[in-house]
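A.B. asks: fold the following, please.
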Amino acid sequence: MNTHHIIKLCDRCYWDTTTETIKLHNENVPLTSNMRKVLKLLITNYNKPISSIDIFFHIWENFENEYKPRNVRNLISNVRKRIPCLSIVNYYGGSYMLKKNRESHPLFSENLIDILDQAQNGITISDPNQNDNPVIYVNHAFANAFGYTPEEVIGKNCRFLQGDDRNQPALEEIRQAMQTFKDVTVTLRNYHKSGQLIYSEVTISPIFDKKTHKLKYFLGIQKDVTSLQQLIQQIKGMV
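C.D. replies: Next comes the predicted model:
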């Protein structure tokens, strides 16, 4: 049997590109014409956000009325109810994305913390659902880079690394990105426990719950770029 036209969407859920039908647990899932259209669009653009207005005009090509985002929201909601295993993510500003299914290897899952602890760059995970978005995990590279033990970092907001050096435009960029659930990469002036200045290239990404699509964590990755920044300052001083 030729299975090249079959796409696995999630556990025991498959999309047939030829018939444009869904099978879940070996049973055909009844779909309306509009559900079929939006699924085809999302699957074709796996892991790519599609704006609500693009979805609207793709589905209702001959729609005479003005653009109505409510129609798109209702359609997406009905697809989620019909196929709850799908991971269709909402993005701020009215975009939707079907996240590609990835099956985690049991051995990988069991050793995930060990893997993170051995990473070269500093890694933090914070919980925005707790008061002041405290750090709940920090790897060894992060702790070593700033001279703190993990116990001294966990439970605090990462802003403590800037000390009194709060007049940094990059901090406002971070705040805006976190409020709108967007990835952001900036360079910050952070400080070692000893007081030594460290320039950090910081990337912060929102992590969403696969089932509820609600914000669950913020993942932070910090790379020491002090040498590069010092070189830039030297060059500026020579010009």
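A.B. asks: how about residue 143, secondary structure?
C.D. replies: helix (DSSP: H, G, I helix; E, B strand; the rest coil).
A.B. asks: pull the contacting residues for it.
C.D. replies: Shown in contact with residue 143 (Cβ atoms under 8 Å, 6 or more residues apart in numbering): 122, 149, 150, 153. C-beta: built from backbone N, CA, C; applies to glycine.
A.B. asks: and those residues, which is closest to residue 199?
C.D. replies: Using Cβ to Cβ, residue 122 is the member of these that lies nearest residue 199, at 12.9 Å.
A.B. asks: can you check the pLDDT for the residue nearest to that closest one when sequence neighbours are not counted?
C.D. replies: Excluding the flanking residues, the one nearest residue 122 by Cβ to Cβ, 6 or more residues apart in numbering is residue 142, at 3.1 Å. pLDDT for residue 142: 94.
A.B. asks: residue 142 contacts residue 120, correct?
C.D. replies: No. Using Cβ atoms under 8 Å, residue 142 makes no contact with residue 120, being 10.9 Å away.
A.B. asks: which of those two has more neighbours?
C.D. replies: Comparing residue 142 with residue 120 by other Cβ atoms under 10 Å, the one with more neighbours is residue 142, at 26 against 9.
A.B. asks: residues in contact with the residue lying closest to residue 121 once chain neighbours are set aside?
C.D. replies: Leaving out its chain neighbours, the residue that sits closest to residue 121 by Cβ to Cβ, 6+ apart is residue 223, at 5.0 Å. Residues in contact with residue 223 (Cβ under 8 Å, 6+ apart) are 121, 122, 200, 201, 202.
A.B. asks: looking at those, which is nearest residue 174?
C.D. replies: Nearest to residue 174 among these, with distances taken as Cβ to Cβ, is residue 202, at 7.5 Å.
A.B. asks: by mean pLDDT, which helix or strand of this structure comes out lowest?
C.D. replies: For the chain, using mean pLDDT, DSSP states H and E, the weakest element among its helices and strands is helix 106-110, scoring a mean of 55.
A.B. asks: about what we covered before: in helices, which of the contacts of residue 223 appear?
C.D. replies: Among the contacts of residue 223, no residue falls in helices (DSSP state H).
A.B. asks: how much space separates the residue nearest to residue 122 from residue 114?
C.D. replies: 15 Å (Cβ to Cβ, to the nearest Å).
A.B. asks: ok, now residue 162?
C.D. replies: The gap separating residue 162 from residue 114 is 30 Å, by Cβ to Cβ.
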